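[1] pasting the structure only:
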């Protein structure tokens, strides 16, 4: 199922989202609604990757390389779609300044689409190959699941940069982003897919239907993996290959306390609350700093488990513990972070 999300459902979701979002032939969106979410997603990814790399090395200095990279993944990948949109849906319905905004939630969905598309690309095209290529004392397991090609023996313990680039470019989400972005510049290309009377409208609807399965399917996989991992009585014999409760708690603090604090400080330091004319966009960006680890981290763990079952099972248990703890404390911390975001943007 994880491979199905990775190779079929996510590419379909990305294709429709990018095609629809980039198609602004009527000029309905202001320039800030396009470039700020995209620019912000790049800035957030750089900040989280730098901080995540340093903290993962510090927290897991005695852990195996694969474990360090898994910790890095849990720190960097945030739930950039469903959680921020749930927050914005609530605010658009109940917070008076946003209630007065026309199409508040629809605009938030556009921001989320742009932002989430970039982070899907980051997760499956950069983070996934980076985690997968951590060799350590690689176990050459006999028969990988799901018909995957058995992992070949690697010559070094360091990540092969060329291999990572190759994996990144050939990853289905990356190929979809590159293909859609390229074809978008062909005059009338989007109209062929999106207009009601276009010859490929039925194809678009079919792809949209497939893409709409991505988020529910991810939730089902994550729910099943969470239950299986948290109820499993298996224990890892090598403590170098598991997180430990202390690291799980630290990842929770980093994602739900440290990152929101850094985001608010940078936002106010550069005066973005005055620069950004669309206040709902400012609130959305601030909420993106304080979300739990992405469900896609569990999807990636499932894909890796298909190739390295023993190592992958430990990885799934650790990622499940991170998600479980973060969802336990999220109602309090996310509410606090959202209140502080509103205070900054609206001075309430």
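    Received, thanks. This is a predicted model, so every value here is computed, not measured.

[2] wait, what's in contact with residue 228?
    residue 316 (CB atoms under 8 Å, 6 or more residues apart in numbering). Backbone N, C-alpha and C define where each C-beta goes, glycine included.

[3] Give me the distance from the one helix or strand it maps to to the chain's centre.
    Assigned by DSSP states H and E, residue 228 belongs to helix 214-231. Relative to its parent chain, helix 214-231 has a centroid offset of 16 Å by CA atoms, centre = their mean, to the nearest Å.

[4] which residue packs closest to residue 241, ignoring adjacent ones?
    Spatially, and ignoring its direct neighbours in sequence, residue 241 is nearest to residue 64 (5.1 Å; CB to CB, 6 or more residues apart in numbering).

[5] typo on my end, residue 204
    residue 193 (4.5 Å).

[6] for the helix holding residue 228, what is the average pLDDT?
    Taken as a whole, helix 214-231 carries a mean pLDDT of 71.

[7] what does stretch 306-314 give?
    82.

[8] who does the helix or strand that comes right after the helix holding residue 228 touch, helix- and strand-wise?
    Later in the chain than helix 214-231, the nearest helix or strand by DSSP H and E is helix 245-253. Using 3 or more CB pairs under 8 Å, 6 or more residues apart in numbering; DSSP states H and E, the elements in contact with helix 245-253 are helix 32-59, helix 65-76, helix 309-346.

[9] ok and the shortest one relative to helix 309-346, angle-wise?
    Using axes from the mean of the first three to the mean of the last three CA atoms, to 10 degrees, the interaxial angle of helix 65-76 with respect to helix 309-346 works out to 20 degrees.

[10] So which residues make contact with helix 65-76?
    Helix 65-76 has contacts (CB under 8 Å, 6+ apart) with 45, 48-49, 51-53, 55-57, 59-60, 63, 122-123, 127, 130-131, 134-136, 157, 240-243, 247, 251, 254-255, 293, 297, 300-301, 311, 315, 318-319, 322.

[11] cool, stretch 312-322 as well?
    In contact with stretch 312-322 (CB under 8 Å, 6+ apart) are residues 66-67, 70, 74, 225-226, 228-230, 232, 234, 236, 241-243, 245, 248, 251-252, 293, 297-298, 301-302, 304-306.
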